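> Have a look; sequence and predicted model below, questions after that.
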Amino acid sequence: QQFLKGLPKVELHAHLNGSLGTQSLCDLGERLYGSSSEDFQKLCARFSRFKKDMDACFEKFAFVHELTLTQEGLRFATELAIRDFAQDNVQYVELRTTPKANENYSRRDYLQIVIDAIRRAKETYPEITVKLLPSINRAEPVAVAEETVSLALELAQAHPNLILGVDLSGNPGKGRFSDFAPILAQARDKGLKLVIHCAEIENPSEVKEMLHFGMSRCGHGTFLTPEDIEQLKQRNIVIECCLTSNVKSGTVPSLEEHHLKRIMEADAHKVICTDDSGVFDTTLTKEFLIAAETFGLTREQCIDLTLEAVQHSFASEQERTEMADRVANYVAILP
Ligand code: 5GP
């Protein structure tokens, strides 16, 4: 555990609003409402009532979304999510988030607030590099996806080393991939990378469409067939494996039955990720520990998985070299 905690880890699949740990949620509530206010007491009471099941996970998303409805809430939440990753010795994280609009901010403002918070966090947490992947929520209309891609393209011009791609996520039972394919294709043609939640639930025809369309990285990949896994391997597309998330949200029956096992047996490309460390009460260190305990991963395999994450990140070549060096330096001083 000490070894995994100290390892300079790389997180490639993390949703911003899902990535605030319990302490951070309390800090956020306290900042917004003041610790002695009635609102804060009510908030704490609601928080302590969450059960540890699937429904509670989604209740928690709604809970965090309420806390990020204001500009200040969103700004501080971004800082806290970065703090949580930094405290877990994550040296690089690609944060995804769905731009939202309400009376306090537009989708453009939302992204700008997150960008500003990431830049400011660099001063407080210089050890961690953060990139941003705006998310398309497939449960929302295509017009919203079009706005998100247009903002991502525009803001990527101003921040070329920060916004590197676009994510497709949201309830996999809602929306049709084919409706979003044209706007995703436009994003890709204009230089953005695509990370796509794929085969998260059983839907073989959609998986075929997604694989045919292509992607830079595959989110979850729970219901991929052996042929699909082989295809991804041949095309050097990595599968982002989120063990606790999949078990707690019920798409995988148990850790032992997690598809990471099949992916490892096929020697396909894989990385270990948290998905929503706050909502699922985990950290990247814990995810490595769980993978090591469940599948007998050795220290060397954990290092290799980290280096695989470095290679499949959207960081620049120089940044990737620096990340790999940090891993090598850490390994060199191990007893
Ligand atoms: P946000 O985009 O608000 O920063 O992060 C939370 C959102 O990410 C959720 O409301 C949901 O749309 C998306 N999300 C988080 N975890 C998952 C997941 O495991 N699967 C899918 N498909 N979407 C997710």
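All right, it came through fine. Worth saying up front: this structure is predicted, and the values here are computed from it rather than measured.

> Show me which residues of the protein are close to the ligand?
If contact is defined as Cβ under 6 Å from any ligand atom, the residues of the chain in contact with the ligand are 15-18, 61, 97-98, 135, 137, 169-170, 172, 197, 200, 245, 275-276. Backbone N, C-alpha and C define where each C-beta goes, glycine included.

> now with 5 Å?
Counting by Cβ under 5 Å from any ligand atom, the chain comes close to the ligand at 15-18, 61, 97-98, 135, 137, 169-170, 197, 275-276.

> What helix or strand is Ile136 located in?
Element membership of Ile136 [criterion: DSSP states H and E] is strand 129-137.

> which other helices and strands contact the next helix or strand after that strand?
Scanning forward in sequence from strand 129-137, with DSSP H and E defining helices and strands, the next element found is helix 142-158. On a contact count with 3 or more Cβ pairs under 8 Å, 6 or more residues apart in numbering; DSSP states H and E, helix 142-158 meets helix 107-124, strand 129-137, strand 165-169, helix 177-189.

> And the pLDDT at the closest residue to Val114 other than its chain neighbours?
Take Val114 and drop its neighbours on the chain: the residue closest to it by Cβ to Cβ, 6 or more residues apart in numbering is Thr78, 5.2 Å away. Per-residue confidence (pLDDT) for Thr78: 98.

> residues of the helix or strand harbouring Thr78 that come out buried?
When elements are assigned from DSSP H and E, Thr78 belongs to helix 71-87. By neighbour count with 16 or more other Cβ atoms under 10 Å, helix 71-87 contains the buried residues 73-87.

> Show me the contact partners of it.
Residues from elsewhere that reach helix 71-87 (Cβ atoms under 8 Å, 6 or more residues apart in numbering): 11, 14, 16-17, 19-21, 24, 27-28, 31-32, 64, 67-68, 93, 95, 104-105, 109-110, 113-114, 116-118, 120-121, 124-125, 127-128, 130, 277-278, 283-284.

> which among those end up buried?
With neighbours counted using 16+ other Cβ under 10 Å, the contacts of helix 71-87 contain these buried positions: 11, 14, 16-17, 19-21, 24, 27-28, 31-32, 64, 67-68, 93, 95, 104-105, 109-110, 113-114, 117-118, 121, 125, 128, 130, 277-278, 283-284.

> State whether Leu224 is indeed within a strand.
No - when the secondary structure is assigned by DSSP: H, G, I helix; E, B strand; the rest coil, Leu224 falls in coil instead of a strand.

> how many other residues sit next to the residue nearest to it when sequence neighbours are not counted?
Setting aside the residues directly before and after it, Leu224 is nearest to Ala199 in space (Cβ to Cβ, 6+ apart), at 4.8 Å. Ala199 has 26 neighbouring residues, counting by other Cβ atoms under 10 Å.

> what are the phi and psi angles of Ala199?
Summarising the backbone geometry of Ala199 under the convention degrees, to the nearest 10, its torsions are phi 60, psi 40.

> Please report the distance of the nearest residue to Phe3 once chain neighbours are set aside from Gly6.
The spatially closest residue to Phe3, leaving aside those adjacent along the chain, is Arg299, at 6.2 Å (Cβ to Cβ, 6+ apart). When distances are taken as Cβ to Cβ, to the nearest Å, Arg299 and Gly6 turn out to be 12 Å apart.

> Val114 too?
In this structure, Val114 lies at 29 Å from Gly6, with Cβ to Cβ as the measure.

> you'd agree Ala152 is up against Gln186?
No - the pair formed by Ala152 and Gln186 falls short of the contact definition of Cβ atoms under 8 Å, at 10.7 Å.

> And the two? Which one has more around it.
For the pair Ala152 and Gln186, the greater number of neighbours falls to Ala152 (24 against 14), based on other Cβ under 10 Å.

> List the residues that contact the more buried one.
By Cβ under 8 Å, 6+ apart, the contact set of Ala152 is Leu111, Pro134, Ile163, Val166, Ala187, Leu192.

> what number of residues lie near the first one?
Other residues lying near Leu111 total 23 when counted by other Cβ under 10 Å.

> If anything else comes up later, I'll come back, but that's it for now.
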